[in-house]
Every structure is written in C-alpha cells, then in structure tokens.
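[1] Have a look; sequence and predicted model below, questions after that.
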Amino acid sequence: MTDLPTLADPDRDPWLWLEEVEGERATGWADAQTASTLACFGGARYDADRETLRRLLDRPDKLPVPTRRGGRLFDFWRDATHPRGLWRRTTLASFRTAAPDWEILLDIDALAASEGEDWIWQGADTLYPEHERAIVALSRGGSDASVLREFDLGERRFVAGGFTLPEAKGGTDWLDRDTLLLSSAYGGATASGYASTVRLWPRGTDPAEAAVLFEVSPASMAAGGSYYRAEDCLIFIDRTGFFDHTIRLGDRSGPTRRMEWPTDAASRWSRGWLALKPRTPWEIDGTTHPPDSVLVIRMADWLAGSRACRVVFTPEPRRALQGMFWLDGHLVLSILDDLRPVFVLLTPGEWKERTIAELPQVGTAGAWPFDAEEEESDGSLLALVQDPVTPPTLLLVPPDLAAPTVLKQAPAAFDATGLVVTRHAAISSDGERIPYVQTGPARQDGDAPVHLSGYGGFQISRLPTYSIATGKLWLERGGTSVVANLRGGGEFGTRWHEAGRRAGKRLSHDDFAAVAADLVRRGVTTPNRIAAEGGSNGGLLIANMLTRYPERFGALFCTIPLIDMRRYAKLLAGASWIAEYGDPDVAADWAFLGPISAYHAAEPGRSYPPILLATARRDDRVHPGHARKMAAKLQAMGYAASFYEPAAGGHGYGRDNAEVASFVALGFEFLRRSIGWEN
C-alpha cells in the first residue's frame, strides 16, 4: 500500500531503506530527486539569486564578531577567497579601525587542500593564560562529530605528536599544558550518541586508555566535564535528559561531592556567589519559588546547609528570563519584557539594578562577556542589536554600563525603503494570544506574498532579526515577512515552553496556523499566498501544516526536519529529545505523538499544498531519513513533493557560504513560484 506507514499501522514502513545514510540505493534515490528538483526550480533566476546571496554572505565589509582572549581579539572569518574560513586575531585598537590588521592563525582552505580532507571549522579552545596553544575542532563535511588536534598559535602549525582525537562528538578542557579533561563519545557513547565518560588524558598517552573519572548510564543524554580554574576544581555533569542534569564537584581523582539542588535548575557561580534558576516550582523553607525565579546565596553558605537565598528576579506573565551569567563579580540577567530586550546587572551586597540603555523596542539584542576567560574580564560586554530592517550593530558596553560604543556595523544587504516593522497577535485554538512580527510595505493590498516562519521548541526564543536572505530575496521585491512567537519557545519563559512541550506540541502547531489565519483576517493576504518555512524542530512544524492545516498555506519549505515521530528516538541524537516530545515506545505518549507524526498522518485524497523537503547527508543530529521518507511517501501517494539533499553541510545549509546560498535560494525560488509570485 502506498500510504504506509499509517496511524493505524505505524510500524509497517516500506521506506526504511532510506534511513541508510550512505546506502547505495538510498543515496542514488536522493541524488536523483535532488537533480529533478534543481531541473524544475533551477534556471536563470535561481542562478542569479544564488550568486547575489553568495556575494552578500561573502562581502569583505560584513560584520566580524570577536572574542577577547589574553588581551587579543579572536575571530573566525569566511569570504569568497576563503570559503572554508580563516582563524585570526588582532588587537582592540586595530579592530576599531576601518581595516584591522589581522594575524592569520589557520587557513582551513589551505589545510583541507593539503590534507585532502573536507575540513569544516568547529571551534578552538586556547590554553590560559598565554593562549599560545589550542585544541582545534574540525569536522568532515560539517557534521557535529569532529576531530580534535593540538595547535601551536605562535608557530601556526599543529603540534607534532600533540593531543589528537579521532572523529567523535564531544570535546576537551585544558587542565594544564600537559593534561586534558576529555568528554568524548570516542571510547564510549550514550544512546543519544554523546560522551558517556569523562577521562583524564595526559600528554603522550592513548585517549582510549585514559583513566575514567566519571561515567554515566547509557540512558543519560551525555556526560560532561570542565575545569573551574578560580576554585581549582573539576565539574562533572550527568545530563540525564535535555532539561535535567546533576552536578558533582571533584578533582583529578574524580567527583567528591554532589551539588544538592533540583535537577532542572540552572546554576551559575563565581567569586563565592551562587545563582540558581529552577525550571519547576521549588519550595525552600516553606516558600515556593515559581519557575524562572533567580535565587542567590553565598556558595559557602549553601555548602554549609543554609538555604537563606535572596530572590533577585521573579517572572511575570510577559516578563521572562532568557539567561544569566556572572561578569567580573556581577550577575547579569537577560530578560524579555513583553518581547523587548532588557539586560540587568546586579552587584552582590547592594543588589541595585542597573540596565544597558539604548536597546531596541522592536528587534533583538544580545549581550555577553567580551572576555572568554573569567580571570581576564574587566567587566566589559559586547552587545549585538538589530531588527528586521536595521543591520546588526556591534557595541562595546563598559563595566559601568555607560553609553555603549559602536565598534562595527554591518552594511545594508537590501533596500528597506518603505518597509515597516509592526507587532500583532493571533488567537490560537485555546484562546491564547500568539505574538508575531510583520515586516513589509506600510500599505497592503490584501494579496501580499507572505513568508511566514516559526520554530516553537526547546525553549528557544524566535526573535525578529536582520535576515540577509529574506530581505534580499523576498522583502526587497515587495513581499512581506512574518516571524511567529509560538508556544514551545522561550519568549515568555518556561511556562511558554511547557505549554508547547510533549502533549502540548500540537498547540505550538495550532499557534502557527492561527498566525496564518490572522494574516488573512487582517486583510494582509490570502491563504494561497502564504509561503511557510521552518527547520529542524521547525521542520516538524511545517510537516504538520501540510497534514493538519493544508488549506491555510500556498507552499511549504521544510528543512533539515524531524518528521517520523515513531522512530525519531532511534535515529542519531533523537533519544536526547524525548523530554521535548515524549517517548513513542510508551503507549500514552504515542497517543499524542501519533497525530503530530506527519509521516504517519499523511494520507491520500487530501488537498496538500506543494512542499519542498530539504536535508543534508552529513547531518548527524537530525537523521536525513526523516525528509527522505516523507518525500517518498508523499510522491507514492501522488502528491507534489520535491526533495533536495546536498552531500555535505551537517545540521545546517552548507559547508560554506556558496552552499548556504544554493540551499536558501532554492527554497525561496520554490516558494515564490509555488504561490504564483513570479515578479
């Protein structure tokens, strides 16, 4: 039967062979499908858009965002000449100039060519305090798994006989020049594919033989280890689930003490102070603190048994904590106040609030420590501010939070003349107000081509940013873009996430459909002119728009998606997401997972809009089988489902800007053509 698998018969799957990532039959099918999609949606306009987008992504005057280590600014840079990228550094004085003098540390293009490897940069960890040695992470084709190699910054070469680890998920932390703390799936992995052990790895020894200091159950998501230099102690983490973990302190012999607070609480400590943020209600000495409260106490007092915490933040329905960190002895809280960014700095003892001024009212702002190392911080922050029509500006915020200094601003990538940014709210299936941001012409004719995007998962906030691709390939041509703030995200804190998690995931999808309906109700557009896009968890969202709300959309672009909710926990990192979605092997969970498993819910005889399912073969996070199988089933039932799969790219859209441009330009061309917007 061409409609298998179904909700009534979920385990009879004729497309399982497409889960063989590198299988000859599966890759042959994927390559043929990709060629067919390019033949259909390629052409002169696609070629021109792809080249335009590549040039914008590679432009030499784009915005670099550095990190300071040992007084120097480090940055990773890609452009047309160096598509794989350059690791480089400079001074702050030079960075302030129009043409900084960058010292090139490592040329990834030259390295890949000389070694005959498809190397993609995954980051580097330098050795404090000199920062002249680093552990560099390189992946093949952009996968999460990476090879680790020791690099000498002064000599600008890899260290002969130095630390080297074969390809695996995980990483290291420097203990000293000759010892690493190793948390890697190499030599031991959980069911999710992440590290199951933390090992002490001395120089010159086999990492597989390194002493195991800490080990977690295969059912845990991952084991992690780090070095807290200020207290000369090791931190061991057992991440038992996506939102739960236990922390133990110890030394080079292993963990010696477990930290006794709820497993769902986030913790940050520095200079003798501890900050805790629970995810669920937490009762302490007769007082129940709501989720996302921030409580502080001296670490010594906590360890001695005191629970006399001070509450420094209490959430409100539309005022939510996004994150917290210590900075030069101060606690910084990142807050969304009715979706407006606010950063509050608190000083232990006085606890008087200070805020960063001059942040956008409609837009996005991020702030983080300028210095990578706590010991080197002078209290400065970097901040990045932007909105859908204003390119990002990089600010240097002084320790006293006085007026920020503009370090750099990204150039405009598209003509924003006549575009306005407005906020609105749709009413979802249960009466909840769902905010969304609309960018487009001030006057709408009721038939606007709308690009609608959303995510709605893992407590990730989806905020309106300056998108080069959307701006150039959609807005500049007269279109309208919309970003929806769905439940399951973190825009209004844990309560917003909880409402769209597990059985509530369907509400997240209802929210997105409600925004589409509201755009029609307000006279912005019509259903057949709405082109929707989402990736990863957002790919699950888009697949559900196909099966649950097909009448509200003109076209769908479903990227690097999660779709088969019956088998997702058995594929790659899927087991780590059970806390977000539920366990399909538990009957009670499958009762709510089944209806949102678009792979099973898709059925013949429906009126589905055109859909393009796109994935990447080197994605070792969300299995490419999800997109492959959905496309195959839809096609077998006679639907217009297109498929695209480049051979590399990882859980992203490409190894370099040219591949990213190809992926994104194809999606926009598909959407425009499918909704009948040819101009």
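    Thanks, I have the structure now.

[2] which residue is nearest the centroid of this structure?
    In the chain, the centroid-proximal residue (C-alpha atoms, centre = their mean) is Ile460; its distance is 7.9 Å.

[3] wait, what's in contact with it?
    Applying C-beta atoms under 8 Å, 6 or more residues apart in numbering, we find Ile460 in contact with Gly489, Gly490. The way it works is simple: take the backbone N, C-alpha and C, and place the C-beta from them, glycine included.

[4] Look at it and tell me its secondary structure.
    With DSSP: H, G, I helix; E, B strand; the rest coil as the basis, Ile460 sits in coil.

[5] can you give me the helices for this protein?
    Assigned by DSSP state H, the chain shows helices spanning 24-41, 44-58, 92-95, 108-115, 299-303, 468-473, 494-499, 505-521, 537-548, 578-581, 587-593, 598-601, 625-636, 657-674.

[6] By neighbour count, which bits of the fourth one are buried? Give me those.
    Right, the one you point to is helix 108-115. Within helix 108-115, the residues that count as buried by 16 or more other C-beta atoms under 10 Å are Ile108, Asp109, Leu111, Ala112.

[7] Please work out the average pLDDT along that helix.
    In this model, helix 108-115 has a mean pLDDT of 98.

[8] Where in the protein is the helix or strand with the lowest mean pLDDT?
    Lowest on mean pLDDT, DSSP states H and E among the helices and strands of the chain sits strand 353-355, with a mean of 90.

[9] Look at stretch 461-481 and report the distance between its end residues.
    Taking C-alpha to C-alpha, to the nearest Å, stretch 461-481 runs 17 Å from one end to the other.

[10] so who does Val216 touch?
    Neighbouring residues of Val216 by C-beta under 8 Å, 6+ apart: Thr190, Ser196, Thr197, Ala222, Ala223, Asp238, Arg239, Thr240.

[11] Need the max-distance pair from the residues you listed.
    Spatially, the most separated pair among those is Thr197 and Thr240, at 15.3 Å (C-beta to C-beta).

[12] Check what pLDDT Pro262 gets.
    Pro262 carries a pLDDT score of 97 in this model.

[13] what does the one 5 residues further on give?
    pLDDT for Ser267: 98.

[14] Bridging across strands, which residues link to it?
    Ser267 forms beta bridges with Leu276, as assigned by DSSP bridges.

[15] where's it relative to Ala275, distance?
    Ser267 sits 7 Å away from Ala275, going by C-beta to C-beta, to the nearest Å.

[16] The two: which is more packed in?
    Per other C-beta atoms under 10 Å, whichever of Ser267 and Ala275 has more neighbours is Ala275, with 24 against 14.

[17] you'd agree that one is up against Ser293?
    No: using C-beta atoms under 8 Å as the test, Ala275 is too far from Ser293 to be in contact (10.6 Å).

[18] which one of the contacts of Val216 sits closest to Arg203?
    Taking C-beta to C-beta as the measure, Arg203 lies nearest Thr197 of these, at 19.0 Å.

[19] Hmm, Pro207 and the closest one touching each other?
    No: counting by C-beta under 8 Å, Pro207 is not a contact partner of Thr197; they are 10.7 Å apart.

[20] the more surrounded of those two?
    Thr197 (23 against 20).

[21] Report the contact partners of His451.
    With contacts defined as C-beta under 8 Å, 6+ apart, His451 is in contact with Thr470, Trp474, Gly479, Thr480, Ser481, Val482, Ala531, Ala532, Glu533, Leu671.

[22] Kindly report the same for Leu612.
    For Leu612, the contacting residues are 37, 41, 555-558, 641-644, 666-667, 670-671, by C-beta under 8 Å, 6+ apart.

[23] switch to 10 Å and redo it
    Applying C-beta atoms under 10 Å, 6 or more residues apart in numbering, one finds that Leu612 lies in contact with 37, 40-41, 533, 542, 555-559, 627, 631, 640-644, 666-667, 669-671, 674.

[24] Report how many residues lie close to Val21.
    Val21 has 18 neighbours, counted by other C-beta under 10 Å.

[25] Give me the phi and psi for it.
    The phi and psi values for Val21, taken as degrees, to the nearest 10, are phi -50, psi -50.

[26] picking up where we left off before, now the contacts of Val216 as JSON lines including pLDDT and distance to His600?
    Listed next are the contacts of Val216 as JSON lines, based on pLDDT from 0 to 100; distance: C-beta to C-beta, whole Å:
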{"residue": "Thr190", "pLDDT": "97", "distance to His600": "27"}
{"residue": "Ser196", "pLDDT": "97", "distance to His600": "32"}
{"residue": "Thr197", "pLDDT": "98", "distance to His600": "37"}
{"residue": "Ala222", "pLDDT": "98", "distance to His600": "29"}
{"residue": "Ala223", "pLDDT": "98", "distance to His600": "34"}
{"residue": "Asp238", "pLDDT": "98", "distance to His600": "34"}
{"residue": "Arg239", "pLDDT": "97", "distance to His600": "30"}
{"residue": "Thr240", "pLDDT": "97", "distance to His600": "29"}
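
[27] so where's the stretch 551-679 of the chain shaky on pLDDT?
    Low-confidence segments of the stretch 551-679 of the chain, defined by pLDDT under 70: 679.

[28] Based on its surroundings, how many neighbours for Val586?
    Residues lying near Val586 (other C-beta under 10 Å) number 11.

[29] before we move on, what about the one 5 residues further on?
    The tally of other residues near Ala591 (other C-beta under 10 Å) stands at 11.

[30] swap in Gly431?
    Gly431 has 6 neighbours, counted by other C-beta under 10 Å.

[31] per-residue confidence for it?
    The model reports Gly431 with a pLDDT of 98.

[32] Renumber starting at 24 from here on
    OK, 24 is where the count begins now, so the last one is Gly454.

[33] ok, it - contacts?
    Gly454 touches nothing, counting by C-beta under 10 Å, 6+ apart.

[34] separation between it and Pro340?
    Between Gly454 and Pro340 the distance, using C-beta to C-beta, works out to 14 Å.

[35] now Asp351: how far from Gly328?
    On the measure of C-beta to C-beta, Asp351 and Gly328 end up 29 Å apart.

[36] So for the two, which sits in the more crowded spot?
    Neighbours per residue, other C-beta under 10 Å: of Asp351 and Gly328, the larger number sits with Asp351, 18 against 7.

[37] Surely the more buried one and Ser403 touch.
    Yes: counting by C-beta atoms under 10 Å, Ser403 is a contact partner of Asp351 at 8.4 Å.

[38] list the residues that contact both of the two?
    Pro392, Asp394, Pro422.

[39] picking that back up, common neighbours of Ser290 and Ala298, please.
    Common neighbours of Ser290 and Ala298 (criterion: C-beta under 10 Å, 6+ apart): Met347.

[40] what stretches of this structure score poorly on pLDDT?
    Using pLDDT under 70, the chain drops low at 24, 383-385, 702.
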